[in-house]
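*Asks:* Sharing a sequence plus its predicted fold:
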Amino acid sequence: MTPRYAMTVDTRRCVGCSACVLACKAENRVPQGAYRDWIVTETRGVFPTLTQEIRSERCNHCRSAPCVSACPTGASHYAAGGTVLVEHGKCTGCKACMAACPYDARYVHEEGYVDKCTFCLHRILKGQLPACVENCPTRALAFGDLNDPDSPVSRLLRGRKHKVSKPESGAHPNVFFLF
């Protein structure tokens with residue numbers, strides 16, 4: 001069976017340390033001022049009854065990715081495991097994919113093409129974990145194949161309450177937030 005890659009972010013473990021952001025920047029040579037992943041802190045409630053959720057966010061590698069259908073050149077495409085990638089040589093930098101993405105997960109690289117998280121597919125194909133997952137000190141991030149019932153993400157999704165960001169988009173994201 002073809003793999004379907006996904007990631008979980010444990011919002012009870014994430015402390016917002018940005019180790020994932022730094023690991024990604026180093027692994028993928030992300031230019032100064034650009035980010036493939038980032039930390040979001042959301043506070044809800046009214047004092048003194050407040051709750052706070054910290055999340056590591058990135059491209060959601062959606063099953064029905066609006067960025068792929070919006071791309072006029074085919075630069076945005078599905079690759080191994082359902083990952084959504086950008087073929088730099090085909091990208092004209094028109095930003096149609098950026099406008100279509102419900103997660104604001106793309107940026108224009110200094111060389112003119114649009115770039116984003118790749119789930120570190122180059123590492124996955126060598127049997128390694130994405131850099132962000134490997135470097136998370138609190139083990140808040142997990143990665144695996146949703147089609148494998150024994151993968152870390154499959155086990156976590158079976159055992160924990162979870163949500164996705166912006167389900168109303170119809171994009172069917174493959175990044176799940178555990179709570």
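*Replies:* On my side now, so go ahead.
*Asks:* Can you list the residue ranges for strands in this structure?
*Replies:* For the chain, the strands defined by DSSP state E cover 5-10, 37-46, 49-58, 76-78, 84-86, 107-108, 114-115, 141-145, 162-163, 175-178.
*Asks:* Can you add mean pLDDT and mean neighbour count and give those back as CSV?
*Replies:* For every residue, glycine as well, the C-beta is placed using N, CA and C. As requested, the strands of the chain are exported to CSV (pLDDT from 0 to 100; neighbours: other Cβ atoms under 10 Å):
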stretch, mean pLDDT, mean neighbour count
strand 5-10, 98, 24
strand 37-46, 95, 12
strand 49-58, 94, 16
strand 76-78, 98, 19
strand 84-86, 98, 23
strand 107-108, 96, 16
strand 114-115, 97, 22
strand 141-145, 98, 23
strand 162-163, 96, 14
strand 175-178, 98, 22
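*Asks:* chain center to stretch 33-45: distance?
*Replies:* Distance of stretch 33-45 from its chain centroid, counting by Cα atoms, centre = their mean, to the nearest Å, is 12 Å.
*Asks:* can you pull the buried residues of stretch 22-35?
*Replies:* 23-25, 27-28, 30, 35 (16 or more other Cβ atoms under 10 Å).
*Asks:* pLDDT (mean, whole number) over stretch 60-68?
*Replies:* Mean pLDDT, taken over the full extent of stretch 60-68, equals 97.
*Asks:* Just the terminal-to-terminal distance for it.
*Replies:* 13 Å (Cα to Cα, to the nearest Å).
*Asks:* Can you tell me what sits against it?
*Replies:* Outside stretch 60-68, the residues within contact range by Cβ atoms under 8 Å, 6 or more residues apart in numbering are 4-7, 76-78, 82-84, 97-98, 100-103, 105-106, 117, 119, 164-165, 169-175.
*Asks:* Give the ChimeraX command for selecting the buried subset of these.
*Replies:* Command for ChimeraX, covering only those of the contacts of stretch 60-68 found buried under the criterion 16+ other Cβ under 10 Å:
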select :4,5,6,7,76,77,82,83,84,97,98,100,101,102,103,105,106,117,119,165,169,171,173,174,175
